[in-house]
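J.: After the sequence you'll find the predicted model.
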Amino acid sequence: MKKTILRLGIIAMVFASLAACNGNPSETNNSNESAPVGELVLDSLQADTAWMVKVPFSDGNEVDSASISISLCYPDQEHAPLLANAVMEWIEESLDMAINRQQASLDPYIQKCLAQNREEDYDKTLNIEMTRVYETPDIVTFALNCYEYSMGAPHGYSTFRGATFRKSDGKVFGWNMFKGRRIDNDLAKRGLKDYFGISTDADLQNTLMMLDSYSVNNLPMPVTDPWVEADGVHFVYQAYEIASYADGQPAFTLPIGTLKTQLTPAALRLLME
């Protein structure tokens, strides 16, 4: 069925700073990448796209459209080149997105999304927002919140992930912060009980969609890497990972002090000193 394109608009804007990701100039000379870089200066990429076609049907015309909104922020490459490169690579890997760094453009990704939408022939909404959620002289944590909805689906699908970076060299700290890449089961169980507002193991077992090989006494760890925030380490399960869609994305934050014996030496030096 041939489509007639009524409107195709792509706006890609690059700002020196973004209100949601605003940072002040660093007071630390970053010529030595082994030293803390101070409060980060952030660059940003933002794109808003509207696409619409009219599709003729026997009973008249219907409109098929796509709406894409993307807002990213990352360290300024001049002030912290190793860190900036690490954050950009994390964005690309998390979103399956190739960013044109020389032109500071999201246009190739936008065009790929629009082409996919035309091929699949249904309305689509994609919103991606990246924010800086925590920063100290030694580390910085970024989070990506993504929402996607396709016409005809019972509901949209959200994912939420974050990453903590060591400023001096861009090393990412996630599950590699923990010995055995997991936390004590009782701590995970306590965090999930708080999230669901329940108190007993039986209630938690009944609430979770557990695989046969798991129980509340042998919980799977979240697939998503944990990250560091002001109150401690944040853990999140994505929708459907261990619970129904109606239960959202089960999450909890544990104080770093309660995790001290489970942290690797590198994480201890970074977070406890």
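T.: Noted; the coordinates are in hand. Numbering: from 1, shown residues only.
J.: All the strands of this protein, residue numbers only.
T.: Applying DSSP state E to the chain gives strands spanning 4-13, 42-57, 60-75, 124-135, 139-150, 157-166, 172-173, 227-229, 232-236, 251-254.
J.: just flag whichever of these has the lowest average confidence.
T.: Between the strands of the chain, the lowest average pLDDT goes to strand 4-13, which shows a mean of 32.
J.: got the contact list for the residue nearest the centre of the chain?
T.: Centroid check for the chain by CA atoms, centre = their mean gives residue 144 as the closest residue, at 2.5 Å. Residues counted as contacts of residue 144 (CB atoms under 8 Å, 6 or more residues apart in numbering) are 91, 94-95, 128-130, 159-162. (Each C-beta comes from the backbone N, C-alpha and C, glycine too.)
J.: Pull the most distant pair out of those.
T.: By the measure CB to CB, 91 and 160 form the most distant pair in the contacts of residue 144, at 14.6 Å.
J.: which of those two has more neighbours?
T.: Under the criterion of other CB atoms under 10 Å, the comparison of residue 91 against residue 160 puts residue 91 first, with 20 against 17.
J.: wait, that one sits on residue 73?
T.: No - counting by CB atoms under 8 Å, residue 91 sits too far from residue 73 to count as a contact (9.6 Å).
J.: Which neighbours do those two have in common?
T.: residue 130.
J.: Measure how buried the residue nearest to residue 260 when sequence neighbours are not counted is and give me the count.
T.: Counting by CB to CB, 6 or more residues apart in numbering, the nearest residue to residue 260 once its immediate chain neighbours are dropped is residue 272, at 6.7 Å. Each residue near residue 272 was counted by other CB under 10 Å, and the total is 11.
J.: Tell me which residues touch residue 272, please.
T.: For residue 272, the contacting residues are 256, 260, 263, by CB under 8 Å, 6+ apart.
J.: Check residue 238 too.
T.: 159-160, 222-224, 249.
J.: can you tell me how far residue 166 sits from residue 85?
T.: Summarising the geometry, the distance separating residue 166 from residue 85, computed by CB to CB, to the nearest Å, is 13 Å.
J.: ok, the two, which is more surrounded?
T.: Under the criterion of other CB under 10 Å, the comparison of residue 166 against residue 85 puts residue 166 first, with 18 against 15.
J.: Does that one touch residue 270 like I think?
T.: Yes - proximity of residue 166 to residue 270 meets the contact threshold set by CB under 8 Å, at 6.3 Å.
J.: Need the overlap of contacts for those two.
T.: Between them, residue 166 and residue 270 share these contacting residues under CB under 8 Å, 6+ apart: 138-139, 173.
J.: now the helices: where do they sit in the stretch 101-250 of the chain?
T.: Listed from the start of the chain, the stretch 101-250 of the chain has helices (DSSP state H, counting those that start in this stretch) covering 107-120, 185-196, 201-207.
J.: For the last one, give the mean pLDDT please.
T.: The reference is to helix 201-207. Mean predicted lDDT for helix 201-207 stands at 92.
J.: Contacts for it, please.
T.: 189, 192-193, 196, 198, 215-217, 243, 247.
J.: Write a ChimeraX command that selects only the buried members of those.
T.: The following ChimeraX command selects only the buried members of the contacts of helix 201-207, with burial defined by 16 or more other CB atoms under 10 Å:
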select :192,193,216,243,247
